[in-house]
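In: sequence first, then the predicted structure:
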Amino acid sequence: MLSGIYVPLITPFTASGEVAYDALEKLAAGALDQGAAGLVALGTTGEPSSLTPAERHQVVRICRDVTAAYGTQLIVGDVELAEGATAALVTVPAFVRPGERGVLAHFERLAERTPVPLVIYHIPYRTGQPLTAATLRRLGEHPMIAGVKYATGAVDQDAVALLGDLPPDFSVLTGDDTYLSPMLALGATGGILASAHLHTASFVSMAASWDRALGHWLAALSAQLFAEPNPTVIKGVLHAHGLIPTPDVRLPLVPATAESVARALDWGA
């Protein structure tokens, strides 16, 4: 079972535009020091499409070494680089909108070939392909599909139906940072949350023992951190705290405005 808080690491850059690997390693260790159950390498937050193949390999290597040293879990957002990881995070096929039967066939075939268990990333406002609770439940019955990162942008009826009747050993991790509290209340086992770069221990505490007041505060913090495209505000805050050398992102992203970063800093102070 996948449970607790997983931090999908940003990719920090130097002033010259290279990956700041030392800063990445420190961020990884810092999250685990605060109790995170594991890390996600090459998730959306890490801007993987902007990285070269060599950079992607090095990011995964660093995250693998750090999680191994801490005895924690690693989820990799690239099934081809996930050898030795706990699981691979795989999105519903985007743009083509294959329908639910096509999604089932796609993941069932992938599950027969994967070297590690799969976590399905269900994010229909990016992929254009919604999935019902029944489809996710059927996928969850496959022994090589370990769970779902559930990020529909709402606590919807399918979330209620899925969490009310889960397949054995199938984990539901919320991927919508602001909905951690209600999803935990419904039975989610944890979350993959970019906001948990900040106040990681508070997110861990929330997942371990549901606390309504803490949930409200963390949801409001997450809203500030997602005021502009992820991970731009988070990078701005991490840079302001001296945790990464620059707040830079790679195109097509552009850095967050000073106003958004200032509001997030004020809220999280």
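Out: That came in fine, so what should we check first?

In: can we go C-alpha only for contacts and neighbour counts from here?
Out: Fine.

In: can you pull out the strands in this protein?
Out: Ranges of strands in the chain, per DSSP state E, are 4-8, 38-41, 73-76, 87-91, 118-122, 145-150, 171-174, 190-192.

In: chain center to the fourth one: distance?
Out: By that I understand strand 87-91. From the chain centre to the centre of strand 87-91 is a distance of 10 Å (CA atoms, centre = their mean, to the nearest Å).

In: do the first one as well
Out: Averaging C-alpha positions (CA atoms, centre = their mean) puts strand 4-8 7 Å from its chain's average.

In: can I get that strand in CSV? Just the C-alpha atoms.
Out: Taking C-alpha atoms only, strand 4-8 is exported to CSV below (Å, rounded to 0.1, in the frame of the first residue of the first chain):
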residue,chain,number,x,y,z
GLY,A,4,1.4,9.2,3.5
ILE,A,5,2.7,12.2,1.8
TYR,A,6,4.9,12.0,-1.4
VAL,A,7,6.7,15.2,-2.5
PRO,A,8,6.9,15.5,-6.3
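
In: can you pull the contacts of residue 95?
Out: Each residue near residue 95 by CA atoms under 8 Å, 6 or more residues apart in numbering is listed here: 127-128.

In: just the terminal-to-terminal distance for stretch 92-103.
Out: End-to-end span of stretch 92-103 (CA to CA, to the nearest Å): 7 Å.

In: now do stretch 78-86
Out: With CA to CA as the measure, the first residue of stretch 78-86 is 12 Å from its last.

In: tell me which residue is most central in the chain.
Out: The chain has residue 192 as the residue nearest its centroid, 3.6 Å off, counting by CA atoms, centre = their mean.

In: any idea how far the residue nearest to it when sequence neighbours are not counted lies from residue 258?
Out: Spatial nearest neighbour of residue 192, chain neighbours left out: residue 6 (4.7 Å); criterion: CA to CA, 6 or more residues apart in numbering. According to CA to CA, residue 6 stands 28 Å off from residue 258.

In: who has more neighbours, these two?
Out: residue 6 (30 against 11; other CA atoms under 10 Å).

In: which residues are in contact with that one?
Out: Residue 6 makes contact with 36-40, 190-193, 196 under the criterion CA under 8 Å, 6+ apart.

In: can you check residue 28 too?
Out: With contacts defined as CA under 8 Å, 6+ apart, residue 28 is in contact with 9, 39, 63, 66.

In: can you give me the pLDDT of the third one?
Out: Here, the pLDDT recorded for residue 63 equals 98.

In: kindly report the same for the last one.
Out: Confidence per residue is given as pLDDT, and for residue 66 that number is 98.

In: that one and residue 27: what is the separation?
Out: Distance of residue 66 to residue 27, given as CA to CA: 10 Å.

In: mind listing what's buried in stretch 190-208?
Out: Going by neighbour count (16 or more other CA atoms under 10 Å), the buried part of stretch 190-208 is 190-198, 200-207.

In: list the contacts of that stretch.
Out: Counting by CA under 8 Å, 6+ apart, 2-9, 31, 34-36, 40, 45, 149, 172-177, 180-181, 184, 189, 214-215, 218, 221-222, 225, 231, 234, 238 sit against stretch 190-208.

In: and for the residue nearest to residue 85 when sequence neighbours are not counted, the neighbour number?
Out: Using CA to CA, 6+ apart and skipping the chain neighbours, the partner closest in space to residue 85 is residue 74 (5.3 Å). Neighbours of residue 74 under the rule other CA under 10 Å: 27.

In: for residue 74, give me its contacts.
Out: 38-41, 63-64, 67, 85-87.

In: repeat for residue 98
Out: When contacts are counted by CA under 8 Å, 6+ apart, residue 98 touches residue 129.

In: okay, now the unreliable bits of the stretch 151-269 of the chain?
Out: Scanning the stretch 151-269 of the chain for pLDDT under 70 picks out 268-269.

In: apply 90 and report the result again.
Out: Within the stretch 151-269 of the chain, the stretches with pLDDT under 90 are 209-213, 216, 267-269.
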